[in-house]
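Participant: turn this into a structure:
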Amino acid sequence: MVLGFGKKKEIKPDYRKGLSRDYVQFLFEEQKRKELNTWYEKFCKFAESLKFKPTAKMEEKFKLDIVFSGLNVTPMGVFSASLLCLIVFMLLIVPFAFVLSDLSAMVFLAIIPLILFWYVYSYPSFRAHVVRVQAGDEAIKVILYMVIYLKLNPSFEGAVNFAVTHAKGPITDDVKKAMWDLQIGKYRTVEEALSVYMNKWAWWNEDFVRSISLLYGVLIEPTEAGREGILKKALSFILESTHLKMKKYVEDISSPIMMLHVMGLLMPAIGLIMFPMISIFLSTQVSIPQLALGYVILLPLFNLFFINRILQKRPSAFMVPDISKHPELPPEDFFEIKTGKLKIYVPILILSILIGTLVMTYGIFHFVDLLGNLISPPQDLVANSGGKCKTPKECILLQEATMNVTNIAATFSVTAGFAVMAILFFYLRSFQRIRIRNEIKNIEAEFQLGLFSLGNYLSEGYPIEVGMQKSLEEYQKLGMQKRPVYNFFERLYANMKNFGMTFKRSLFDKEYGLLKFYPSVLIEEVMRILADASEKSAVLLGTISKTIASYLENVYAIEAKIRELLEETRSSIRLQASFVVPMVTGIIGALGIFILNMLRILAEKLADIERNLGMAFLAGKPGDVSGKSFLDMLVGNFTNIVPMTVLQAIIGIYTVEVVALFAMLLSGIENGFDNTARDWEIAQNLMKAITVYGVVNLFALIIFRGLTMTIQVA
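Facilitator: The predicted structure follows:
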């Protein structure tokens, strides 16, 4: 590239953490050895044959993002895929230019290729950020496992192998590669093997590298107190780093959530308020299909994409229980009905659709009749209207704007049916799982207390069975028999006492093992460490129990701080999902009808003024279609308006979708990627929201109906 006065200057990209060009190339070559796993990688590989070459500066940026994202793609592949999306979709929308006369629709279609180009082009950069977050979460587990191992065994290589055995993620993949290179003689020491990736890890999590460096000192520290201090310092580094990252995340998501609230709720709500008037005065620019497509499909998809982007950047340093393998649970898309010894598995999706459709039946028949009447309107409607409308279509549309029982039942039927469909789907997916999930989370929260109690008795020299019995008796004295951790240790003790099992077998036995009923990664790994130590001595087992409990206490202290940081954000989103959103949309649904009725009353009053003043020169003569009345010029044409029952049904469906999305955001911020907690949160918020929406909408309709009648009589 030529810069300045014809002098060539070497391009110097802004490398993260001072990474050299050769080092980035080394990581890039390692990345290319991986298999193509995702659709994005395969698409970029296919597009690479087009050989659209990016600029040198762009290529360096792509290469850096690819290295840190873990994607097996090339800069040319990413750039070619981006341009391919742009070109193909631009060609696809060309035929619509000759079919569509609506300028707004054409502008919207023209934006789609640009959005897809930006998505494909920026995906490696976004993915690099997500992987950085995931690596930060993984770093805590790696350091925690290394600290626990080094507390008991003075072997750094053993600690590294122990950590990568129990952790997974991008850091673990790099460590496994380093350890393999160590085994084949490429490096002489484990420190040398790990140092190859230190610069890369420093960008992901600098405190992880500092913690690793601190742990090196354990091997040369002569005193036990000094080693203990180093281990605590190494763990505290990484935990405090997580706390600071979550604090920054909370600050960073404030603006996106506000934007989501404005762009996803308030602005669309204003559009719904204005839609009756827009459909009268700009009838050629808007239509019912556009309204339904925009509010029911496109807008929720945009919000879903935006929410996923927010959640994927969340530092979630704490493990989610994987309850999918629990023996007492049905398959994921079924719920279980027990009749004696018989178990019946009912498909959730089919049942939800059937019941939801049944609730919507009245509304469906109403809208089918409405469509038939609009296509072929009865001719006697004008005669029976008492002069309130001029054409059959106008009579039908004004009738749809009337606040009567038929219209309210039709719109509520559709809204309630769609809500029931969503509530049943998410509730049935989670109600048999949430109890187990919550029990596991409660056990994890109290686990360190149980380990402290057990460790104290074991350190005194009691055998494992006696130590566990005394620990249970201590819980009984304190009246804590209902605690989940008490139930866990009671069942573990029962296995050992009633079946004569060892501590290890009572946990991991394929048929009677306790851990298959508690599918927690944390519990499983801690108990595996204890089970290995139980084969040596009870005193050693007690020391390990108290050591693990001490470190877990530090972990949960940070988790408590993180929950405190998130409290304000969670409360705000929960209030919006369960109350603000349904209240606003409930009022809007009634307000649209009120506005239309005000326009109708205004039209009638203006018609009276025309007749009283004898403004025949504006009204036109019978049979003269060219004449335009003062009423038509001021108020507009009522035959082009969107049926108010249709508008209300769209508002109701939109409400259900927005509440579900806000509940998804709430669960993601609070629990990370926990599907059971997400489904339960959506179901609970939808039940509250649809009740609020129905009550608010009904009261608003009654109030606005009273105002309408008062104004009409005046």
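Participant: part of a strand, is residue 343?
Facilitator: Yes: assessed with DSSP: H, G, I helix; E, B strand; the rest coil, residue 343 lies in a strand.
Participant: tell me the bridge partners for it.
Facilitator: Going by DSSP bridges, residue 343 is paired in beta bridges with residue 338.
Participant: quick one: contacts for it?
Facilitator: By CB atoms under 8 Å, 6 or more residues apart in numbering, the residues touching residue 343 are 330, 336, 337. For glycine as for every other residue, the C-beta is placed from the backbone atoms N, C-alpha and C.
Participant: how about residue 670: what's its closest non-neighbour residue?
Facilitator: Leaving aside its sequence neighbours, residue 670 sits nearest to residue 570 (CB to CB, 6 or more residues apart in numbering; 5.5 Å).
Participant: assign a three-state SS to the one you found, would you?
Facilitator: Put simply, residue 570 is helix when judged by three-state DSSP.
Participant: does it touch residue 669 like I think?
Facilitator: Yes: with contact defined as CB atoms under 8 Å, residue 570 counts as touching residue 669 (6.3 Å).
Participant: what is the rounded mean pLDDT of stretch 430-447?
Facilitator: Stretch 430-447 comes out with an average pLDDT of 84.
Participant: and stretch 268-286, by the same measure?
Facilitator: For stretch 268-286, the mean per-residue pLDDT is 67.
Participant: one more: stretch 701-708?
Facilitator: pLDDT averaged over stretch 701-708 gives 84.
Participant: what is whichever strand or helix holds residue 246 packed up against?
Facilitator: In the assignment (DSSP states H and E), residue 246 maps to helix 224-261. The helices and strands touching helix 224-261, judged by 3 or more CB pairs under 8 Å, 6 or more residues apart in numbering; DSSP states H and E, are helix 103-152, helix 206-216, helix 299-312, helix 538-575, helix 644-671.
Participant: so which bits of the helix or strand following the last one are buried?
Facilitator: Meaning helix 644-671. Counting by DSSP H and E, the next helix or strand C-terminal to helix 644-671 is helix 675-713. By 16 or more other CB atoms under 10 Å, the buried positions in helix 675-713 come out as 675-690, 692-694, 696-697, 700-701, 704-705, 708.
Participant: could you do stretch 242-257 as well?
Facilitator: For stretch 242-257, burial by neighbour count (16+ other CB under 10 Å) applies to 242, 243, 245, 246, 249, 250, 253, 257.
Participant: for the second one, give its distance to residue 560.
Facilitator: Right, residue 243. 10 Å (CB to CB, to the nearest Å).
Participant: can you classify residue 336 by secondary structure?
Facilitator: Recorded secondary structure, residue 336: strand (three-state DSSP).
Participant: burial count for it?
Facilitator: Residue 336 is flanked by 13 other residues according to other CB atoms under 10 Å.
Participant: now do it against residue 138, distance only.
Facilitator: For residue 336 relative to residue 138 (CB to CB), the value is 35 Å.
Participant: OK, contacts around residue 646?
Facilitator: If you count contacts by CB under 8 Å, 6+ apart, then residue 646 has 288, 367, 370, 400 around it.
Participant: how does the chain divide into domains?
Facilitator: With domains defined by automatic domain parsing, the chain comprises 16-255, 436-558.
Participant: so which of these is nearest residue 590?
Facilitator: Among those, the nearest to residue 590 by CB to CB is domain 16-255 (27.6 Å).
Participant: from the chain's centroid, how far away is that closest one?
Facilitator: Relative to its chain's centre, domain 16-255 lies at 21 Å (CA atoms, centre = their mean, to the nearest Å).
Participant: still on that earlier bit, mean neighbour count, the helices and strands packed on helix 224-261: which tops it?
Facilitator: When these are scored by mean count of other CB atoms under 10 Å, the highest mean neighbour count falls to helix 644-671 (a mean of 25).
Participant: give me the helices and strands touching whichever helix or strand residue 76 is part of, please.
Facilitator: Following DSSP H and E, one finds residue 76 within helix 75-99. Other helices and strands packing on helix 75-99, by 3+ CB pairs under 8 Å, 6+ apart, are helix 39-47, helix 56-69, helix 103-152.
Participant: please list all residues in contact with residue 523.
Facilitator: By CB under 8 Å, 6+ apart, the residues touching residue 523 are 440, 443, 444, 447, 488, 515.
Participant: and the residues you listed, which of them are in strands?
Facilitator: Counting by DSSP state E, no part of the contacts of residue 523 is found in strands.
Participant: which of those lies closest to residue 550?
Facilitator: So of the contacts of residue 523, ranked by how close each gets to residue 550 (CB to CB), first place is residue 447, at 12.2 Å.
Participant: give me the distance between the closest one and residue 274.
Facilitator: Between residue 447 and residue 274 the computed distance is 56 Å (CB to CB).
Participant: again, but for residue 446
Facilitator: Between residue 446 and residue 274 the computed distance is 54 Å (CB to CB).
Participant: over to residue 47?
Facilitator: From residue 47 to residue 274 the distance is 43 Å (CB to CB).
Participant: who's more crowded, those two?
Facilitator: Taking neighbours as other CB under 10 Å, residue 47 and residue 274 compare with residue 47 leading, 22 against 12.
Participant: shaky segments in the stretch 301-450 of the chain?
Facilitator: 315-320, 382-388 (pLDDT under 70).
Participant: can you list the contacts of residue 343 in TSV and add distance to residue 664?
Facilitator: Below are the contacts of residue 343 laid out as TSV (distance: CB to CB, whole Å):
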residue	distance to residue 664
330	23
336	25
337	28
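Participant: any idea which of those residues is closest to residue 116?
Facilitator: residue 330 (39.2 Å).
Participant: who's in contact with the nearest residue to that closest one once chain neighbours are set aside?
Facilitator: In this structure, residue 330 finds its nearest non-sequential neighbour in residue 336, 4.1 Å apart by CB to CB, 6+ apart. Contact analysis of residue 336 by CB under 8 Å, 6+ apart lists 329, 330, 343, 344, 345, 346, 432.
Participant: of those residues, closest to residue 173?
Facilitator: residue 329 (30.9 Å).
Participant: okay, now the unreliable bits of the stretch 51-200 of the chain?
Facilitator: Using pLDDT under 70, the stretch 51-200 of the chain drops low at 96-108.
Participant: kindly recompute the last result at 50.
Facilitator: Residue ranges of the stretch 51-200 of the chain with pLDDT under 50: none are present.
Participant: residue 208 touches residue 174, doesn't it?
Facilitator: No: Residue 208 is not in contact with residue 174 according to CB under 8 Å; the separation is 11.4 Å.
Participant: test my guess that residue 227 contacts residue 220.
Facilitator: No: using CB under 8 Å, residue 227 is not in contact with residue 220, being 9.8 Å away.
Participant: between those two, which has more neighbouring residues?
Facilitator: More crowded of residue 227 and residue 220, by other CB under 10 Å: residue 227, with 18 against 9.
Participant: what pLDDT does the model give the more buried one?
Facilitator: pLDDT, read off for residue 227, is 81.
Participant: what's the neighbour count on the nearest residue to residue 261 once chain neighbours are set aside?
Facilitator: The spatially closest residue to residue 261, leaving aside those adjacent along the chain, is residue 576, at 6.7 Å (CB to CB, 6+ apart). For residue 576, the neighbour count with other CB under 10 Å is 25.
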